Structure formats: structure tokens, C-alpha cells
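[1] need a structure here:
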Amino acid sequence: METTQTKTKCVLYARKSTEEDDKQVMSIEAQLFELEEYAHRERIQIVKVFTEAKSAKKPGREEFAKMIKYIEESKEPIGILGWHPDRLARNSVDGGKIIYLVDINIIASLRFPQFWFEPTPQGKFMLQVAFGQSKYFSDNLVENVKRGIRQKIRRGEWLTLAPMGYVNNFKTHNIDPDPVKSRVIKRAFTAYATGKYTLVELADFLADHGVVQKKGTPFAKCSVVKMLTNRAYLGFVKHRGEWHDGTFKPILSPTLFEAVQKILSARRKPRKSKVRHPFPFTQFMTCGECGCAITAQYVTNRYGVTYTYYRCTKKNGNCAQPYIQQNLLAEKIQILLQSVSLPREEIENMEKQITEWENESISSRGSVVQNLKTKLFETKEKLDKLVSLYLDGDIEREIYLERKDLLLRQKAKFEESFRDFGQQGKNRLEPLRSFVLSLKEAMELEKTSNHLEWKKFFQSIGSNPSLKDKTVSIHWGELWDFVASAKGGSGLPSASFHSENSLPISNFTNVSLSAGRET
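    Residues are numbered from 1 along each chain as shown. So this is what the prediction gives:
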């Protein structure tokens with residue numbers, strides 16, 4: 001008489017390590033096919049199938065928890081069918097749970113095509129060894145990856161997918177600037193540093209030059225901010241919240257990057273100011289008697305003609321200063337403008353003299369270079385000491401990261417200055433050249449009636465403008481005092497100036513300030 005062998009009841013569990021659909025696509029499908037064939041050969045009855053795409057390195061797998069609950073609630077002991085013990089667990093918590101359920105006969109058996117197991121002391125020991133090997137493989141893989149990352153950081157190589165503006169170079173295992181997008185990003189930083197662009201306008205600017213999202217739309221504001229604050233463009237590599245020196249070519253200079261950061265910081269909490277009326281000379285002068293601000297108002301006479309008057313706000317009490325009409329005030333300010341406006345040929349002579357001084361200073365840059373080398377060396381020493389303090393546990397991680405970030409930025413700035421040390425001689429004369437450019441601006445503004453530009457000009461060259469007895473006064477440096485005196489401006493009855501002795505003028509003794517005369 002033939003006897004029919006009873007089939008073993010098991011739940012089937014198949015798992016792949018990654019949650020991404022485009023990776024290990026065939027893993028679960030292949031496991032299911034092989035396990036179903038194995039079950040047919042070994043007369044195993046599959047009562048339920050559980051599949052999962054999640055790493056087993058840590059506890060917390062949803063389908064694994066459902067499988068354990070299903071087994072515990074079963075009225076009869078059932079087994080587990082899997083491809084290998086490492087598919088079930090790679091951590092001690094899940095592995096221990098399975099071994100414990102085997103001990104109390106909740107799990108009847110464990111069946112694997114490539115691994116033998118029986119619920120005996122020897123079988124349980126071998127199962128523990130298999131789970132231990134799975135955990136060892138996972139932990140060892142993590143350490144190998146971390147070691148590789150540390151080595152790449154020491155070599156200054158980029159770790160992941162290249163950021164926007166760069167492309168991955170698989171030969172050098174690093175990144176290179178994209179020939180097109182890197183230039184667009186640099187232009188975007190330069191444009192934003194002017195302060196004339198908003199985040200939305202900058203996103204449109206990038207889109208117009210072909211830098212868009214994957215779906216072809218312009219970047220959102222948060223993406224633009226992320227781009228503007230990305231220090232990878234300075235040649236830095238970020239790992240676990242910490243920036244390191246990279247060996248790839250930076251796209252931006254530290255000066256341009258810091259200029260953009262200042263604009264972003266200023267705009268994070270913008271002040272809402274409403275300009276209700278076009279008063280060009282408000283927020284410019286103070287009262288020369290009481291020190292209060294000068295405000296403006298409209299006055300309409302009985303014939304319906306509207307005039308603009310400027311007056312003291314009198315917030316400190318009584319003030320005897322009279323009103324002044326805008327046209328008359330503009331005349332006073334124009335007189336000040338004329339007092340510092342020189343002929344074009346005189347300005348050109350000054351520019352020639354400055355150029356000669358710049359050429360003479362080229363040979364005297366050695367001390368500047370040595371100073372930069374010293375600062376760069378000191379900054380590197382500070383970085384080394386900071387790392388030692390952090391490794392010794394003397395400072396907290398947050399303080400370490402903050403100070404390291406500051407030192408890295410200082411180091412990048414010193415390196416940029418060192419690369420551009422050939423311009424240092426010219427930078428000493430930059431205030432004089434800026435002064436000559438301001439003279440040019442005064443010459444052009446004198447020919448216009450743009451009151452707002454007049455105000456901006458005087459705010460850039462002077463300080464503490466005041467209005468008293470219908471006379472405009474302003475404090476400026478000795479160079480401007482020198483120019484106004486040379487043109488005879490010191491005797492003007494309706495506009496005055498005051499020297500602050502801020503800049504030397506002896507260097508201009510060979511430059512004439514009037515036709516046919518040397519000063």
C-alpha cells in the first residue's frame with residue numbers, strides 16, 4: 001500500500017536590498033521563480049508570499065513584521081521558505097527573533113535551496129553562524145565603503161553625482177566644470193551680486209540659458225538659494241555636514257561668492273518700505289539746527305498749483321528753520337555738484353598719473369606676497385589645531401564645524417589673493433582711481449537734472465548732509481575739499497563743504513586742476 005507524503009507548510013519570503021525600482025529589478029522575480037521550483041521538488045506547500053524591497057541591516061521592515069505576526073497567529077506551526085538566511089536577517093534583532101521562535105516551536109522549519117537547517121542544537125548553532133556571517137558581511141561592507149570615502153576625501157575627489165555646473169569624469173574619479181553650464185552659473189552669480197535680480201528672475205535667467213529642472217521648467221526659489229549657497233563652486237567637498245578641500249577646478253572666486261552671500265543675508269528678512277510720493281531729497285539730509293530729519297510735503301495754492309516743500313520734522317521740539325521749495329533746494333545741491341565737477345581733460349590727466357604710479361609699484365610687491373604666505377600658513381596651522389582639538393574631544397561637533405567652515409573660507413580667500421598678487425600694487429591706488437571715477441560721474445551728473453542720482457552721488461562721496469538757513473552743507477574728504485577749493489567753491493554763499501582729512505592729496509601735486517595752471 002502506497003503512502004502519501006504530507007506537504008510541509010511554509011510562508012515564502014523574498015527580499016531585495018534597495019527600494020529603487022531601477023536597481024535589482026530581477027532580484028525578487030528570480031527568487032520567486034527559483035523558490036517555487038524548489039517547493040515543487042521538495043513537496044513544500046506555500047501558504048502565503050511576502051516580498052519586500054528594503055535593507056535588512058536595521059530592524060523595522062514592514063513585510064518582515066507582517067510575516068512574523070502571521071506565523072505567531074497561526075494555529076499550527078509553519079515554516080519559512082527563503083533563498084538564503086541573509087534574505088531573512090542581517091541584524092542581531094531580527095535574527096534573534098527567528099531563532100527564538102524556532103526554540104518555542106512557533107516556526108516549524110526553515111528551508112533554503114543553498115543552506116541546510118534542522119531544528120536541532122547543531123542546526124540552531126549553524127543558523128546563528130549564518131546570521132552572524134550575514135551581519136559581518138554587511139558591517140564589513142560599510143567599513144570598506146567608509147574607508148573608500150575617507151580616501152577620496154583625502155585626495156580631494158567629489159563623492160557623488162556631480163552638482164549642477166559640473167560633470168563626472170570617470171577616468172579621474174572626480175568632476176570637471178561643464179563647458180557651458182559652468183559659465184552660465186558664473187554669469188548668474190555675477191548678475192545676482194549686483195543686487196538687481198530676484199530669485200525668480202534669476203531662475204528665469206538660468207532657464208533662458210538652458211539650465212532648467214529635469215522636467216524642463218525653471219528652478220524653484222529654494223533650488224536657486226541652494227545653488228547660490230553651494231560651496232562646491234569654491235572647490236570644496238561636503239561629507240556628513242563638513243566641508244573639505246577639493247582638487248577639482250572651482251567655478252567661482254571667493255570674492256564673488258561672498259558678495260552673493262551678503263545679498264542673500266540682506267534679503268532674508270527684507271524691510272517693507274512704501275514710497276508713497278516721489279520726493280527725491282528725503283532720507284538724505286538732517287536739520288542743521290536740531291538734528292531731526294528733513295521731510296517733504298505737497299502744498300496747493302488757491303489757483304490749484306501744487307508745490308513741493310522740504311522742512312524739518314521738528315520731532316525734538318521747536319525749530320526755527322523755514323520751509324524751502326524743491327526747485328530752490330535742487331539749485332543749492334547743483335551748486336555743490338558744480339563745485340566738484342572738473343573738466344574732462346583734467347580728469348584724463350589724473351588717470352594717466354595713476355597709471356604711471358601703478359606701473360612703478362609692480363616691482364615692490366614682494367612684501368605683499370610674503371604677508372599672504374604667512375597668513376595662509378597661519379590659517380592652515382589653525383585648521384590642523386582645530387582638527388586635533390575635535391579628535392581629542394575638547395570641543396563639540398557643532399562648534400568644530402562652524403569654526404572649520406570659517407577657516408576654510410578664509411583660506412580660500414587668502415589663496416585667491418595669493419593667485420592674484422600681481423594686482424596688489426594696483427589695489428593700493430584703488431581709492432585714488434575710485435576718486436577719479438567719481439569725478440567723472442560728477443561731470444556727467446552736472447549735465448542732468450536727475451535728483452535721485454544726485455542724492456546717491458553725494459551719499460557715496462560725503463557724509464552728514466544737513467540743511468540750515470536754506471543752505472546745504474556736507475562733510476567730505478580732503479580730496480574733495482581740494483577739488484572744491486581749486487574751483488573756488490569755498491566762497492559759495494548757498495552751499496558749503498567741510499573737510500574730514502580722510503585722504504592724502506600730496507600725491508596730486510603734479511596734476512593741474514585748471515587750464516594752464518599747475519597746483
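
[2] against Glu63, how distant is the nearest residue to Asp176 once chain neighbours are set aside?
    Of all residues beyond its chain neighbours, the one nearest Asp176 is Asn169 (5.0 Å), with distances taken as C-beta to C-beta, 6 or more residues apart in numbering. Backbone N, C-alpha and C define where each C-beta goes, glycine included. Computed as C-beta to C-beta, to the nearest Å, the Asn169 to Glu63 distance reads 40 Å.

[3] just the pLDDT for the residue nearest to Asp176.
    Per-residue confidence (pLDDT) for Asn169: 91.

[4] and the residue nearest the centre of the chain, its phi and psi?
    By C-alpha atoms, centre = their mean, the chain has its centre lying nearest to Thr229, at 0.9 Å. Note on Thr229: backbone dihedrals following degrees, to the nearest 10 are phi -110, psi 10.

[5] now stretch 200-214: buried residues?
    202-203, 205-206, 211 (16 or more other C-beta atoms under 10 Å).

[6] same question for stretch 133-147.
    134-135, 138.

[7] what about Ser434, how many neighbours?
    Applying other C-beta atoms under 10 Å, we find 12 residues neighbouring Ser434.

[8] show the contacting residues for it.
    By C-beta atoms under 8 Å, 6 or more residues apart in numbering, Ser434 lies in contact with nothing.

[9] against His475, how distant is it?
    18 Å.

[10] ok, now how distant is the closest residue in space to Asn230 that isn't next to it in sequence from Phe248?
    Distance criterion C-beta to C-beta, 6+ apart; nearest residue to Asn230, sequence neighbours excluded, is Pro163 at 6.1 Å. Pro163 is 11 Å from Phe248, where distance means C-beta to C-beta.

[11] so what sits against both of the two?
    Ile175.

[12] the more surrounded of the two?
    Phe248 (20 against 16).

[13] residues contacting the more buried one?
    156-158, 166, 174-176, 235.

[14] backbone phi and psi for it, please?
    Dihedral angles (degrees, to the nearest 10) for Phe248: phi -80, psi 160.

[15] pLDDT at it, what is it?
    pLDDT, Phe248: 91.

[16] show me where the stretch 351-500 of the chain has its strands.
    In the stretch 351-500 of the chain, the strands defined using DSSP state E, counting those that start in this stretch lie at 462-468, 471-476, 495-499.

[17] so which of those is the most surrounded?
    strand 471-476 (a mean of 20; mean count of other C-beta atoms under 10 Å).

[18] I'd like the average pLDDT over that one.
    80.

[19] domain-wise, how is this structure divided?
    Listed domain ranges for the chain are 8-144, 166-267, 291-341+446-508, 347-430 (source: automatic domain parsing).

[20] looking at these, which is closest to Pro278?
    Nearest to Pro278, of all the domains of the chain, is domain 291-341+446-508, at 8.7 Å by C-beta to C-beta.

[21] figure out how far the longest helix anywhere in the chain is from the centre of its chain.
    Assignment by DSSP state H gives helix 121-154 as the longest helix of the chain. Here helix 121-154 is found 38 Å from its chain centre; the criterion is C-alpha atoms, centre = their mean, to the nearest Å.

[22] tell me the first helix or strand C-terminal of it.
    Moving toward the C-terminus from helix 121-154, the next helix or strand (DSSP states H and E) is strand 166-169.

[23] where exactly do the helices run in the stretch 301-450 of the chain?
    Taking DSSP state H, counting those that start in this stretch to define them, one finds helices in the stretch 301-450 of the chain at 326-339, 344-360, 366-391, 397-419, 424-428, 430-445.

[24] least confident of the ones you listed, on average?
    helix 424-428 (a mean of 54).

[25] pretty sure Leu228 contacts Lys262?
    No: contact criterion C-beta atoms under 8 Å: Leu228 and Lys262 do not qualify, at 11.4 Å.

[26] higher neighbour count, the two?
    Leu228 (20 against 11).

[27] coming back round to it: so what's the residue nearest to Asp176 bridging to?
    Asn174 (DSSP bridges).

[28] over to Asp245?
    Phe236.

[29] which residues touch it?
    156, 235-237, 408.

[30] I'd like to know how far it sits from Glu415.
    10 Å.

[31] cool, Val369 as well?
    Relative to Glu415, and taking C-beta to C-beta, Val369 is found at 13 Å.

[32] more crowded one of these two?
    Glu415 (17 against 14).

[33] one step back: whichever of the contacts of Phe248 end up buried, select them in ChimeraX.
    Filtering the contacts of Phe248 down to the buried ones (16+ other C-beta under 10 Å) takes a single ChimeraX command:
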select :157,158,166,174,175,235
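
[34] can you pull out the low-pLDDT segments for the stretch 1-150 of the chain?
    The model of the stretch 1-150 of the chain has pLDDT under 70 over residues 1-6, 19-26.

[35] run the last query once more with 90
    1-9, 16-31, 33-34, 40-44, 53-60, 74-78, 82-150 (pLDDT under 90).

[36] which stretches in it count as strands?
    Under DSSP E, counting those that start in this stretch, the stretch 1-150 of the chain gives strands at 8-16, 44-53, 78-81, 107-111.

[37] now mean neighbour count and distance to Leu429 too, for those strands, in a markdown table please.
    Below are the strands of the stretch 1-150 of the chain laid out as a markdown table (neighbours: other C-beta atoms under 10 Å; distance: least, C-beta to C-beta, whole Å):
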| stretch | mean neighbour count | distance to Leu429 |
| --- | --- | --- |
| strand 8-16 | 22 | 68 |
| strand 44-53 | 16 | 67 |
| strand 78-81 | 23 | 82 |
| strand 107-111 | 21 | 83 |
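
[38] of all these, which one comes closest to Arg87?
    Comparing those under C-beta to C-beta, the one sitting nearest is strand 8-16, at 5.0 Å.

[39] so what sits against both of Asp245 and Glu415?
    With C-beta under 8 Å, 6+ apart, Asp245 and Glu415 have no common neighbours.

[40] now do the phi/psi pair for the residue nearest to Phe279 when sequence neighbours are not counted.
    Spatial nearest neighbour of Phe279, excluding adjacent residues (C-beta to C-beta, 6+ apart): Ala296 at 3.9 Å. Per-residue torsions, Ala296: phi -140, psi 160 (degrees, to the nearest 10).

[41] against Phe115, how distant is Tyr100?
    19 Å.

[42] looking at the two, which is more packed in?
    The neighbour count for Tyr100 versus Phe115, taken as other C-beta under 10 Å, is higher for Phe115 (15 against 11).

[43] now do the same contact list for that one.
    Counted by C-beta under 8 Å, 6+ apart, Phe115 has contacts 84-85, 130.

[44] for Gly393, same thing?
    So Gly393 contacts nothing (C-beta under 8 Å, 6+ apart).

[45] isn't Gly241 right up against Leu401?
    Yes: counting by C-beta under 8 Å, Gly241 touches Leu401, with 6.1 Å between them.

[46] same drill for those two, tell me which one is more crowded.
    Neighbours around Gly241 and Leu401, counted as other C-beta under 10 Å, are more numerous at Leu401. The numbers are 15 against 9.

[47] quick one: contacts for that one?
    So Leu401 contacts 241-242 (C-beta under 8 Å, 6+ apart).

[48] picking that back up, out of the strands of the stretch 351-500 of the chain, flag the one nearest Asn359.
    strand 471-476 (29.3 Å).

[49] packing partners for the closest one?
    helix 326-339, strand 462-468, strand 495-499 (3 or more C-beta pairs under 8 Å, 6 or more residues apart in numbering; DSSP states H and E).

[50] tell me the contacts of the nearest residue to Ser55 once chain neighbours are set aside?
    Distances taken as C-beta to C-beta, 6+ apart place Ser17 nearest to Ser55, at 5.1 Å, with adjacent residues excluded. When contacts are counted by C-beta under 8 Å, 6+ apart, Ser17 touches 24, 53-56.
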